[in-house]
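>>> Provide a 3D model corresponding to the input given below.
(one chain, ligands or ions: 1)
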Amino acid sequence: QSGYITLDPGFKNTGATKSAITFLDGEQGILHYRGYPIEQLAEKSTFLEVAYLLIYGVLPTKDVLEKFRSDIRKQMMIHEDMKNFFVGFPSKSHPMGQLSCLVGALSAFYPESLNPNATEEEDNKTIINLIAKMPTIVSWIQKKSLGQPVVYPKNNYGYIENFLNMIFGEVTGETNFDPVVISAMHKLLILHADHEQNCSTSTVRIVGSSNANLYASISAGINALWGPLHGGANQAVIEMLEAIKNDGGDAEKYLAKAKDKNDPFRLMGFGHRVYKNFDPRAKIIKKACDDILERLGVQDPVLDIAKKLEEAALNDQYFIDRKLYPNVDFYSGIIYRALGFESDMFTVLFALGRLPGWIAQWKEMRDNKEPIGRPRQVYVGETKRDYANFDKR
Ligand code: SDX
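Next up, the predicted model:
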């Protein structure tokens, strides 16, 4: 405490806002979107239905959902001039850097988004436009990194089918994807769709609080998500599991490294700021992992290593004392890999899933006319001193 300032690094004990979107109970491992348990939505809903629920607060009727879907389908094409950005990127540049750049660039092609006094109707057009173009941008990023020709969205495909076709269609020649793959993608994207005031969502809110446009706010959120302590963890988990596999699969050795304070190594995909119990999403993804890999006939040795690591950590006093459990990122990469995605695309897939949550939180902040975010500090620097000329330094 210093005067009226309460110092709270990392905002561990700070409520930044009041929100009606997502409810988390970290002790019980509970996650609800607009009051609906994540377990029910993951089982029964679809990604665009959950997107509508998060953004507009209610489960849509059939007609409303159909209009939402068709409005989005009509906007999935991106401006041909955006191809110039892809030419500029080095072929192996990280997809998250490309994604934040391309999303931020959308305001150049849709300048109506720059109007800070836009009506709700105009904001909704920008929201639809971004949800529609995200899968196209994401798929073009993967195509660019593989040196393959881009695939265009098709008006007679659904959102997930279009995404899978733009990513894999040209190569597999498939047009009707395995329903198990489609439902796995819905489930994964639903499970990533929102998570109250996490690092990237808080970033979206604070950037948006200056009246910056939606594309700029989401681009900022993408950059925050990129960090390996946040969404970047799903890629880091696979890299960690591969390293353990290549090092003889000795889980205990890596558990010891994770506990050693002199070793910067952390058990990626473990621990959470809020969940001090199982992350409910991790439970669902772990189950889906077994189902999907079996259905696809994929044997991934790192899955066994992940399960061994989880088992060992859950029985280890260091992890028990700190209430460290697997989080959403621990198993998700194994499914994405089985579906054929490159590992540096995993965090981009997290962003694709989190987009409706970011948008919902940005909209709520704007609808509630929240003030510009501007925290204070406790100053610990030099007291007043006079300028010193060179001969006095
Ligand atoms: C996501 O916030 C959200 O909701 C995020 C997210 C979302 O949906 O938006 O859920 C998505 O980002 C999930 C988290 C993905 N990140 C990782 O898996 C990276 C590894 N995990 C950690 O770095 C860590 O657990 C965090 C970043 C997730 C949480 O960090 P905190 O809350 O700041 O906790 P901390 O770093 O202060 O750790 C507390 C103690 C420390 O030990 P002590 O100093 O008390 O002795 O636990 C230890 C830490 O060293 N610890 C770990 C660990 N995580 C915490 N030790 C080893 N391995 C780990 N993974």
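
>>> Can you name the residues that contact residue 54?
Contacts for residue 54 were tallied using CB atoms under 8 Å, 6 or more residues apart in numbering; they are 21-22, 33-34, 193-194, 356-357, 359-360. Every C-beta, even on glycine, is put in place using the N, C-alpha and C of the backbone.

>>> Give me the nearest residue to it, chain neighbours excluded.
Leaving aside its sequence neighbours, residue 54 sits nearest to residue 360 (CB to CB, 6 or more residues apart in numbering; 4.1 Å).

>>> Can you check my assumption that the one you found lies in a helix?
Yes. Membership of residue 360 in a helix is supported by DSSP: H, G, I helix; E, B strand; the rest coil.

>>> what about the residue nearest to residue 370 when sequence neighbours are not counted, how many neighbours?
Setting aside the residues directly before and after it, residue 370 is nearest to residue 209 in space (CB to CB, 6+ apart), at 6.0 Å. Neighbourhood size, residue 209 [other CB atoms under 10 Å]: 18.

>>> Thought residue 373 was touching residue 209, still the case?
Yes. Counting by CB atoms under 8 Å, residue 209 touches residue 373, with 4.5 Å between them.

>>> Do a quick rundown of the helices in the stretch 101-250 of the chain.
Ranges of helices in the stretch 101-250 of the chain, per DSSP state H, counting those that start in this stretch, are 120-146, 159-164, 170-172, 179-191, 199-208, 214-226, 233-246.

>>> Give the full set of residues in contact with the residue of the chain found nearest the ligand.
Taking CB to the nearest ligand atom, the ligand has its nearest neighbour within the chain at residue 271, 2.3 Å off. Counting by CB under 8 Å, 6+ apart, residue 271 makes contact with 322, 324-325, 327.

>>> would TSV of the helices of the stretch 101-250 of the chain with mean pLDDT be doable?
Shown next, in TSV, are the helices of the stretch 101-250 of the chain (pLDDT from 0 to 100):
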stretch	mean pLDDT
helix 120-146	95
helix 159-164	95
helix 170-172	65
helix 179-191	95
helix 199-208	98
helix 214-226	98
helix 233-246	96
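
>>> For residue 6, find the nearest of these.
Residue 6 sits nearest to helix 199-208 of all the helices of the stretch 101-250 of the chain, at 17.4 Å, using CB to CB.

>>> what angle sits between that closest one and helix 214-226?
Angle, helix 199-208 to helix 214-226, by axes from the mean of the first three to the mean of the last three CA atoms, to 10 degrees: 150 degrees.

>>> which residues touch helix 199-208?
11, 16-17, 194-195, 197, 214, 216-218, 220-225, 227, 229-231, 354, 357-358, 361-362, 365-366, 370, 373.

>>> This protein against the ligand: which residues are in contact?
With CB under 6 Å from any ligand atom as the criterion, the chain meets the ligand at residues 10, 195, 198-199, 229-231, 233, 258, 266-274, 322, 324, 327-329.

>>> remind me which residues of this protein are low pLDDT?
Under the criterion pLDDT under 70, the flagged ranges of the chain are 1-3, 170-176.

>>> quick one, strands of it?
Counting by DSSP state E, one finds strands in the chain at the ranges 22-25, 30-33, 36-37.

>>> what's the most buried one of those?
Most buried of the strands of the chain, by mean neighbour count (mean count of other CB atoms under 10 Å): strand 30-33, with a mean of 20.

>>> returning to what we had before: please, a ChimeraX command that selects the buried ones among the residues of the chain next to the ligand?
Here is the ChimeraX command that picks out the buried ones among the residues of the chain next to the ligand, judged by 16 or more other CB atoms under 10 Å:
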select :195,198,199,230,231,233,258,266,267,268,269,270,271,272,274,324,327,328,329
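
>>> For residue 383, find the nearest of the helices of the stretch 101-250 of the chain.
Distance to residue 383, taken as CB to CB, is lowest for helix 199-208 among those, at 30.5 Å.

>>> pull the CA atoms of the closest one into PDB?
Below are the C-alpha coordinates for helix 199-208, written out as PDB (Å, rounded to 0.1, in the frame of the first residue of the first chain):
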ATOM      1  CA  CYS A 199      -4.100 -11.900 -20.400                       C
ATOM      2  CA  SER A 200      -5.200 -11.600 -24.100                       C
ATOM      3  CA  THR A 201      -8.800 -10.700 -23.300                       C
ATOM      4  CA  SER A 202      -7.600  -8.000 -20.900                       C
ATOM      5  CA  THR A 203      -5.400  -6.700 -23.700                       C
ATOM      6  CA  VAL A 204      -8.300  -6.600 -26.100                       C
ATOM      7  CA  ARG A 205     -10.300  -4.700 -23.500                       C
ATOM      8  CA  ILE A 206      -7.700  -2.200 -22.600                       C
ATOM      9  CA  VAL A 207      -6.800  -1.400 -26.300                       C
ATOM     10  CA  GLY A 208     -10.400  -1.100 -27.100                       C
END
